[in-house]
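> what shape does this take:
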Amino acid sequence: MRKILIILFVNAIFSLGFTQTPPDQTQKLATLGKVWGFLKYYHPKVAKGKYDWDAELVKKVTQIESAKTKEEINKIYLDWINSLGKVRKRNCENNIPDSLKYNLDIGWLNDTPTFNKDLIAKLNFIKENRGKHHYYIRRFTASPTFKKEKPYKDSIYPGEAFRLLSLYRYWNIINYFYPYKYVIGQNWNNVLTEMIPQFQHAKDTIAYNLAMLELTTKINDSHAFFYTKYTAKYFGVKYPPFQYKIIDNKPIVTGLYNDTLAKRNDIQYGDVIVKLNGRDISDVIKERLTFTGASNEPAKLRNLSSYLFSSNVDSVNIDFERNRKLNNKFIRCYKFREFHYDWTKNTEPVCKELDNNIGYVNMGVLNRKQVDSVMKIMINKKAIIFDIRNYPKGTMFAISKYLNKNAKPFVKFTTQDLKYPGVVKWEGLYYCGSKGKMFSWLPTYKQSSKKDTVCYNGKVVLLFNEITQSHAEFTCMALQTAPDVKCIGSQTAGADGNVSLITFPGGYQTYMTGLGVYYPNGKETQRVGIVPDIEVHPTIEGIKNHKDEVLDRALEYVYTGK
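A predicted model of the protein is given here:
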């Protein structure tokens, strides 16, 4: 009997709330970010743009931070929603197939440990009777745009509430409009909780910029580029005078930004750096990858190659291998303008003939006006190698009409359902070939004056690597429809589709892939990239010997058929 009385007494204590633990501050702010974003895109009057929703958030931050109990928090939210006006029942389509809701995650609306039944009922009623959009638009088959977001350019280091606004704005845009949220690789709700302290306690402008940089890396998207003068100041604005590629976790010199400065520092093509300022280079790479965003590991290493050796001092110490000997030396670093490097300089030919009647086309140089003349040269070749380790110039449709006599489907898209944020919808198939359909946002090409274009019937080889991104990957997908095609190289950047601009408070900007791109059978390209039939990676020894091992393997395939 005594044991039963003790249990009853303890239960009574809990039911009265005497042992209730105050809500965690970070969790409270995470819930605020979710509720604010949900109302922004779902509440009919908020979604219409009737309120200054940024200002509403700023007022609520202090209230939520000061709330001690679940009851106080629920009252704040209920009063807030009631103040927005009555939500009328609308004829919203809510019977959406699960196959289109895979990217939707608003189960937290029914979070009973946080919300009481009244608040849960109100939130769900708003979801079922959502309003029109003001904060985002999309025209045709294109990415959403968020032009209505205020940039607050005069506030490069905003106060705490506006820094949280920065996080909430980005987090909710990704939550409701990023077509690839489901392949980010981590729980997006956890990202919000993880990043709140970094935005809340960012001590200065650089810390705020680093928080935004790290946040953008979380979506693992090669389009999610974030660079400001403050991130540059943090990582360094001075660079060594050489270009390099990271292979097997080691940077190898592959070119020079300035011959004179490189010679002055005794830097040579093929040098392999193994230590930086006494630290193993693999440790430096691992550390800086935290702030390097991209869809996959090869693309991350590609992006890292632009600032791995950046510094704010005049020189760095490196240990490097040359001619199988280990050396150590200091090398000077310079501001990039001191290199006088000409990015527009390109001596590569548009096309050329290789041995044994094999044609080669450099897709990064070829323009639309040259396609017909180049393909006339290539039409009788034993094989054509299209090198897409670059960024093509919108030539895919013009080329594909020479590869396919009839139209062939090569891609389909998902776009956001603007009437139901977080839900996607499939667009129809799109085609390339002689009768290929064109996209409204792509430049058109002139159809041949001939009624029947002569189609190429030899081998087609596509070369690609981590440089191959976005339109380049799109080009690969179109050219893959050729009857006898082989893809050779390594994983591409895994970021295909139009981009959407996102603005942070302070006027800082980033992007996301805004359009879901898939093969006609539904096979993904995001993060996966274009998958080669024959995988080939450059090696340190190959680079030292000035070999193009990917092209060499393509020639081997043409010669042997395997």
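> which stretches in the stretch 301-450 of the chain count as strands?
315-322, 325-332, 334-335, 351-354, 358-362, 383-387, 408-416, 424-426, 430-432 (DSSP state E, counting those that start in this stretch).
> most tightly packed of those?
strand 383-387 (a mean of 26; mean count of other C-beta atoms under 10 Å). Every residue, glycine included, has its C-beta placed from N, CA and C.
> stretch 239-259 spans what distance, first to last residue?
14 Å (C-alpha to C-alpha, to the nearest Å).
> likewise for stretch 217-236?
19 Å.
> over to stretch 409-427?
End-to-end distance for stretch 409-427: 13 Å, by C-alpha to C-alpha.
> now stretch 283-299
18 Å.
> quick one on the thing from earlier: how about the strands of the stretch 301-450 of the chain in JSON lines, adding distance to T560 and mean pLDDT?
Formatted as JSON lines, the strands of the stretch 301-450 of the chain follow (distance: least, C-beta to C-beta, whole Å; pLDDT from 0 to 100):
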{"stretch": "strand 315-322", "distance to T560": "34", "mean pLDDT": "98"}
{"stretch": "strand 325-332", "distance to T560": "38", "mean pLDDT": "97"}
{"stretch": "strand 334-335", "distance to T560": "47", "mean pLDDT": "97"}
{"stretch": "strand 351-354", "distance to T560": "15", "mean pLDDT": "96"}
{"stretch": "strand 358-362", "distance to T560": "13", "mean pLDDT": "98"}
{"stretch": "strand 383-387", "distance to T560": "12", "mean pLDDT": "98"}
{"stretch": "strand 408-416", "distance to T560": "28", "mean pLDDT": "94"}
{"stretch": "strand 424-426", "distance to T560": "41", "mean pLDDT": "94"}
{"stretch": "strand 430-432", "distance to T560": "29", "mean pLDDT": "92"}
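> the closest residue to D387 other than its chain neighbours: how many residues sit nearby?
Distances taken as C-beta to C-beta, 6 or more residues apart in numbering place L463 nearest to D387, at 4.7 Å, with adjacent residues excluded. Using other C-beta atoms under 10 Å, L463 has 25 other residues around it.
> work out for me the element L463 sits within.
strand 459-464 (DSSP states H and E).
> residue nearest the centroid of this protein?
Against the mean C-alpha coordinate of the chain, by C-alpha atoms, centre = their mean, the closest residue is D221 at 2.0 Å.
> for the residue nearest to D387, give me its contacts.
With contact taken as C-beta atoms under 8 Å, 6 or more residues apart in numbering, L463 is in contact with I385, F386, D387, I388, R389, I488, G489, V550, L551, A554.
> may I have the beta-bridge partners of it?
Counting by DSSP bridges, L463 is bridged to D387, I488.
> which intervals of the stretch 401-550 of the chain have sub-threshold pLDDT?
435-452 (pLDDT under 70).
> go again using 50 as the cut-off
Counting by pLDDT under 50, the stretch 401-550 of the chain has low-confidence residues at 436, 439-450.
> what are the ranges of the helices in it?
According to DSSP state H, counting those that start in this stretch, the stretch 401-550 of the chain carries its helices in the segments 471-479, 540-544, 549-560.
> show me what the shortest one is packed against.
Taking 3 or more C-beta pairs under 8 Å, 6 or more residues apart in numbering; DSSP states H and E as contact, the helices and strands that helix 540-544 lies on are strand 242-247, strand 250-256.
> for it, what is the distance to the chain centroid?
30 Å (C-alpha atoms, centre = their mean, to the nearest Å).
> and the contacts of that helix?
Helix 540-544 has contacts (C-beta under 8 Å, 6+ apart) with K245, I247, D248, K250, I252, T254, G270, V272, E549.
> distance of V313 from L326?
23 Å (C-beta to C-beta, to the nearest Å).
> residue contacts, the closest residue to P241 other than its chain neighbours?
Leaving aside its sequence neighbours, P241 sits nearest to L261 (C-beta to C-beta, 6+ apart; 4.0 Å). Residues in contact with L261 (C-beta under 8 Å, 6+ apart) are P241, R332, Y334, E338, F339.
> what of K48?
G131, K132, H134.
> and the strand holding L463 with helix 471-479, angle?
Comparing the axes of strand 459-464 and helix 471-479 via axes from the mean of the first three to the mean of the last three C-alpha atoms, to 10 degrees yields an angle of 160 degrees.
> got the phi/psi numbers for K218?
For K218, the backbone dihedrals are phi -70, psi -20 (criterion: degrees, to the nearest 10).
> next one: K203
Dihedral angles (degrees, to the nearest 10) for K203: phi -80, psi -20.
> surely Y182 is in contact with K101?
No. Using C-beta atoms under 8 Å, Y182 is not in contact with K101; the gap is 10.4 Å.
> in the stretch 251-400 of the chain, which spans are helices?
Along the stretch 251-400 of the chain, the stretches classed as helices by DSSP H, counting those that start in this stretch are 259-264, 281-289, 297-304, 371-378, 396-403.
> quick one: low-confidence ranges for the stretch 1-150 of the chain?
The stretch 1-150 of the chain contains residues with pLDDT under 50 at 1-20.
> got the contact list for T217?
T217 makes contacts with A224, T290, F291, T292, G293, as judged by C-beta under 8 Å, 6+ apart.
> pLDDT check: weakest of those?
Ranked by pLDDT, the contacts of T217 bottom out at T290, which has 90.
> got the domain ranges for the protein?
Domain segmentation of the chain under automatic domain parsing yields 21-135, 235-339, 351-560.
> out of these, which gets nearest to M212?
Closest approach to M212 among these is made by domain 351-560 (5.6 Å; C-beta to C-beta).
> so for the closest one, first residue to last residue, what's the gap.
OK, domain 351-560 end separation, C-alpha to C-alpha: 23 Å.
> wait, D204 sits on Y157?
Yes. Between D204 and Y157 there is a contact under C-beta under 8 Å: 6.4 Å.
> more crowded one of the two?
Y157 (17 against 10).
> can you tell me the closest non-neighbouring residue to the more buried one?
T205 is the one closest to Y157 (C-beta to C-beta, 6+ apart), at 4.2 Å.
> check V558 too.
Closest to V558 by C-beta to C-beta, 6+ apart is A383, at 4.4 Å.
> good, wrapping up.
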